[in-house]
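J.: Dropping the sequence and predicted coords here.
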Amino acid sequence: METNDEIVLELFDTKTKEPRKYKLLDIVNYEDKEYVVLLEKGSLEKQVEVFKVKHSKDKTATMYEPEKDNYVITQVYETFKEKYQQNYPDRIKFED
């Protein structure tokens with residue numbers, strides 16, 4: 001029996017004013033900050049995107065801000081890759 005354990009986030013793109021759907025691949029902590037590694041659903045590029053997670057002061061809302069710092073993106077992505085290569089070596093193949 002196959003299960004669908006996929007988590008999909010719908011985020012509003014402020015540039016295009018359109019919602020975009022992303023598959024949540026992982027949550028990564030880096031330098032005491034939380035990031036999500038996402039893959040846009042339906043995208044032909046199959047390129048992951050890294051967003052910084054921001055919570056409201058009362059923790060009732062969560063916002064996702066695209067990370068702009070290439071160094072941080074690389075570090076978060078490398079952490080994600082290491083984790084998945086250790087836990088799922090036959091499931092995910094990474095291309096650099």
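T.: The structure has been received and is ready for your questions.
J.: can you pull the contacts of the residue nearest the centre of the chain?
T.: Taking Cα atoms, centre = their mean, the centroid of the chain lies closest to V37, which sits 1.7 Å from it. V37 sits next to L24, L25, D26, I27, V28, V48, E49, V50, V76, Y77, F80 when contact means Cβ atoms under 8 Å, 6 or more residues apart in numbering. (Each C-beta comes from the backbone N, C-alpha and C, glycine too.)
J.: Can you tell me the element the closest residue to the third one other than its chain neighbours falls in?
T.: Okay, so that is D26. Spatial nearest neighbour of D26, chain neighbours left out: V37 (4.7 Å); criterion: Cβ to Cβ, 6 or more residues apart in numbering. V37 belongs to strand 33-40 when assigned by DSSP states H and E.
J.: list the buried ones in that strand?
T.: Y35, V36, V37, L38, E40 (16 or more other Cβ atoms under 10 Å).
J.: tell me the least confident of the residues you listed?
T.: Lowest pLDDT of the buried residues of strand 33-40: E40, 90.
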